[in-house]
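> Provide a 3D model corresponding to the input given below.
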Amino acid sequence: MYPNFYYIFKDWFGIELDFLRMINSFGFFVAISFLLAGWAMRVELKRKFNDGILGKGITVKYFTGKPFSNSEYISSGLTGFIFGYKILPLLLDFKLANNDPQSFLLSSQGNFIYGILLALAFLGVNYWQDKKQRLAEPIEQTKIVDPSYYIGELTLAAFIGGILGAKFFHILENLSEFNQDPMGSILSFSGLTFYGGLIVGGISVLYVAKKKGIPFLHMLDVGGPAMMLSYGTGRIGCHVSGDGDWGIVNTAPKPDWMSFLPDWMWRYDYPNNVNSVGVPLPNCFAEQHCNHLDPMVFPTPFYETIMALILFAVLWSIRKKLKYGGLLFGIYLIMNGLERFMIEKIRVNTIQDFLGLKVTQAEIISTGLAILGLVLIVYALKVKKPVKLDKID
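The predicted structure is shown next:
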């Protein structure tokens, strides 16, 4: 497994490029998953608009030649300072990261002089652009856009809400770990619970969509396939980095029907896992993360990637055939709940006491989501009301 891209290039090509330590494997695939979710939402919003489902478009007012606001200057200066204080020192001296760039980025360590210089540079560029575009009398203009115009804001809401929710739910599920090291638990890049990200990220997206006038039920339908695709891609990051999201010990012999598949698809030892869990790995090629699991376990992140991508394909193929808003998302919730409930049976997790039952947090939430999906389908079939969009910003 590869905690970051430095290990990938060193193992595959025998090349040691220190700057690749900056690219965390798990973080890379999380970023890709959000980009793919944004793509899927954009495609669906455009399709629904072109099909006349979302009204005649959104009238957006804007000014040409208007001076930049104070907030734009503040944002520019802060961006330059943060980049100079944190990122530039790392780019100039990778040893500062000590094989753990996340710890450096989340610490107070940095270069104040670089921060000030880049803040001034960013402000200077911003001032030059401001003067270049200004007019004596700013011109008010309007344009008609479809809802995909707001995809950047929707994706950003999903990202921020998703990360915060995933971290919050992980803390709730691992309170003993949090009590031992509260700040370390909060600031660590590891420890993210999918359902926390789904719930809080979904609420964040719906909040932004409501502000922009995008119909609630249709926004849900836009998000269903996008979240399934994002989940499948994100699980690749879990598998590649070996972040602890693996299955229970698997000592059973490989089934005959899997004989043509590689052994690691049945059980895997997650060598060089990012958590450095397990026993020492013989002949380790890396300086750190030289452990592997013994005995081996079910590679559940790989299984979930396959299942999620198949379910995404199903949702994507039926999305144009459903007549009423909310149906697609109801189906997504049922699929998501069943998939996660099934994988929990062979996945390492924290067992909780819930109404006298020994269950995991994911089993509780997945059951609730499946029930919610059924309720939403019944509601969508009962309402059958077309939703129109006619909002002026």
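> Now stretch 18-33: buried residues?
20, 21, 22, 24, 25, 26, 27, 28, 29, 30, 31, 33 (16 or more other CB atoms under 10 Å). Any C-beta I mention is one placed from the backbone N, CA and C, and that applies to glycine too.
> and what of stretch 211-227?
212-215, 217-227.
> Closest to residue 108 out of these?
Residue 108 lies nearest to residue 227 out of those, by CB to CB, at 35.6 Å.
> Show me what whatever helix or strand residue 337 lives in is packed against.
Taking DSSP states H and E as the criterion, residue 337 maps to helix 327-343. When contacts are defined as 3 or more CB pairs under 8 Å, 6 or more residues apart in numbering; DSSP states H and E, helix 327-343 packs onto helix 194-211, helix 216-241, helix 300-318, helix 361-383.
> one more time with 10 Å
Judged by 3 or more CB pairs under 10 Å, 6 or more residues apart in numbering; DSSP states H and E, the packing partners of helix 327-343 are helix 194-211, helix 216-241, helix 300-318, strand 357-360, helix 361-383.
> the strands in the protein, which residues?
In the chain, the segments counted as strands under DSSP state E are 58-64, 139-145, 279-280, 291-292, 351-354, 357-360.
> Tell me which strands the third one pairs with, and in which orientation.
Paired neighbours of strand 279-280 in the sheet (DSSP bridges): strand 291-292 (antiparallel).
> State the mean pLDDT of the strand it pairs with.
Here strand 291-292 scores 92 as its mean pLDDT.
> Could you do stretch 250-259 as well?
93.
> I'd like the distance from residue 339 to residue 196, if you could.
Remark: distance between residue 339 and residue 196 (CB to CB, to the nearest Å) = 17 Å.
> Kindly apply the preceding question to residue 152 instead.
With distances taken as CB to CB, residue 152 is found 23 Å from residue 196.
> More neighbours: which of residue 339 and residue 196?
Shown here are residue 339 and residue 196; by other CB atoms under 10 Å, residue 196 has more neighbours (24 against 20).
> Now do the contacts for the more buried one.
Neighbouring residues of residue 196 by CB atoms under 10 Å, 6 or more residues apart in numbering: 161-173, 361, 365.
> Looking at neighbours, which among those residues is most surrounded?
Counting neighbours by other CB under 10 Å, residue 162 leads the contacts of residue 196 with 28 neighbours.
> mind listing what it touches?
Going by CB under 10 Å, 6+ apart, residue 162 touches 30, 33-34, 37, 192, 194, 196-202, 204-205, 227, 230, 234.
> again, only using 6 Å
Residue 162 makes contacts with 197, 201, as judged by CB atoms under 6 Å, 6 or more residues apart in numbering.
> Roughly how far does it sit from residue 140?
Going from residue 162 to residue 140 by CB to CB gives 36 Å.
> What of residue 114?
Residue 114 is 41 Å from residue 140, where distance means CB to CB.
> what's the answer for residue 180, then?
For residue 180, the distance to residue 140 - CB to CB - is 57 Å.
> got it, and residue 372?
Residue 372 sits 45 Å away from residue 140, taking CB to CB as the criterion.
> These two: who's more crowded?
Comparing residue 372 with residue 140 by other CB under 10 Å, the one with more neighbours is residue 372, at 16 against 10.
> what residues are up against that one?
Neighbouring residues of residue 372 by CB under 6 Å, 6+ apart: residue 333.
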